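Student: can't give you the sequence, but here's the structure:
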Ligand code: HXC
């Protein structure tokens, strides 16, 4: 994985963790065309790099994780062309869905619209106490269509999804935790260390087990119960003879920490 030190999406590596930073602080990290191109590329590259075990997405600057799509780029579009393109191309958010490694969102400040959709596409969301969330899309004459409507209804059910998306109301980190949109809230200056601690804890675990747990939950959650159980059993069966499963048991018997190889 190449480190990227300039542009709208920065990528750095510390230990086995790829830190992906939305880097347009003057625009509160709003998602412009450059971010739409670079974010999926950064995710795919980190996902393909065997030296990386966990990815963290964060926002640059003190005020914002991401304030949503860049509204200054909103213009009239050629509708038939847009329809064809949407059928032919992956949406940029699909790279997050397709990522096999654990994806953590470290959220501070504004987390609005498309920014909230990026966060929701991650596996674990850690929020600073100053984080503010909303789906402002309907007020702009659009809907959250980077998976927003579909993810929120699955996470929170119809009632909350309709309330949040129809009203676009702003809410804070504690309410986001009560709702279940984030699972951890920390003090603002503890966000980076908390995200790093979580990332390193996951990086120390058997990678295939994490990958298959993601698949069982994310794909299995879309299936009926019996098909989901089948998928879960198939995935477990693939894990039974992995070196890491055998190493975990051996380390337990020898009363020593395990050393996982990812195989
Ligand atoms: C472009 C943005 C932006 C955005 C902020 N900025 N949000 N530029 N698109 N979404 C820019 C401002 O224009 C300004 O730059 C600078 O960032 C600081 O913002 P201010 O508005 O001056 O700050 P403040 O008064 O504190 O207000 C912060 C804010 C407000 C409440 C977050 O900026 C705001 O409402 N932004 C829009 C949020 C939004 O509606 N997002 C949803 C977009 S729709 P300049 O140079 O002008 O001073 C969406 C659809 C997703 O996300 C679809 C998939 C991608």
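Tutor: Perfect, thanks for sending it. What you see is a predicted model; the values in this text were computed from it and never measured.
Student: doesn't residue 13 fall inside a strand?
Tutor: Yes - assigned with DSSP: H, G, I helix; E, B strand; the rest coil, residue 13 falls within a strand.
Student: quick check: it vs residue 143, distance?
Tutor: Here the distance between residue 13 and residue 143 works out to 36 Å (CB to CB, to the nearest Å). Backbone N, C-alpha and C define where each C-beta goes, glycine included.
Student: just residue 201 next, same as before
Tutor: Distance, residue 201 to residue 143, using CB to CB: 36 Å.
Student: which residues of the stretch 51-200 of the chain lie near the ligand?
Tutor: 67-72, 110, 112-114, 117, 136-137, 140, 145-146 (CB under 6 Å from any ligand atom).
Student: now the helices for the stretch 51-200 of the chain?
Tutor: 79-88, 94-98, 114-121, 148-156, 158-167, 173-179, 191-203 (DSSP state H, counting those that start in this stretch).
Student: which ones are touching residue 159?
Tutor: Neighbouring residues of residue 159 by CB atoms under 8 Å, 6 or more residues apart in numbering: there are none.
Student: repeat that for residue 96.
Tutor: Taking CB under 8 Å, 6+ apart as the test, what residue 96 contacts is 40, 43, 103, 118, 121, 122.
Student: change it to 10 Å
Tutor: Applying CB atoms under 10 Å, 6 or more residues apart in numbering, we find residue 96 in contact with 39-40, 43, 47, 55, 57, 103, 105, 117-123, 146-147.
Student: and for residue 239?
Tutor: Residues in contact with residue 239 (CB under 10 Å, 6+ apart) are 206, 208, 209, 211, 212, 213, 245.
Student: same thing but at 6 Å, please
Tutor: Taking CB atoms under 6 Å, 6 or more residues apart in numbering, we find residue 239 in contact with residue 245.
Student: how close does the spatially most central residue of the chain sit to residue 65?
Tutor: Against the mean C-alpha coordinate of the chain, by CA atoms, centre = their mean, the closest residue is residue 122 at 1.7 Å. Distance of residue 122 to residue 65, given as CB to CB: 11 Å.
Student: likewise residue 50?
Tutor: In terms of CB to CB, residue 50 sits 28 Å off from residue 65.
Student: between these two, which is the more surrounded one?
Tutor: Shown here are residue 50 and residue 65; by other CB atoms under 10 Å, residue 65 has more neighbours (31 against 9).
Student: OK, contacts around the more buried one?
Tutor: Shown in contact with residue 65 (CB under 6 Å, 6+ apart): 59, 107, 108, 111, 115.
Student: quick check, nearest of these to residue 187?
Tutor: residue 108 (10.5 Å; CB to CB).
Student: wait, isn't that closest one in contact with residue 128?
Tutor: Yes - counting by CB atoms under 6 Å, residue 128 is a contact partner of residue 108 at 4.0 Å.
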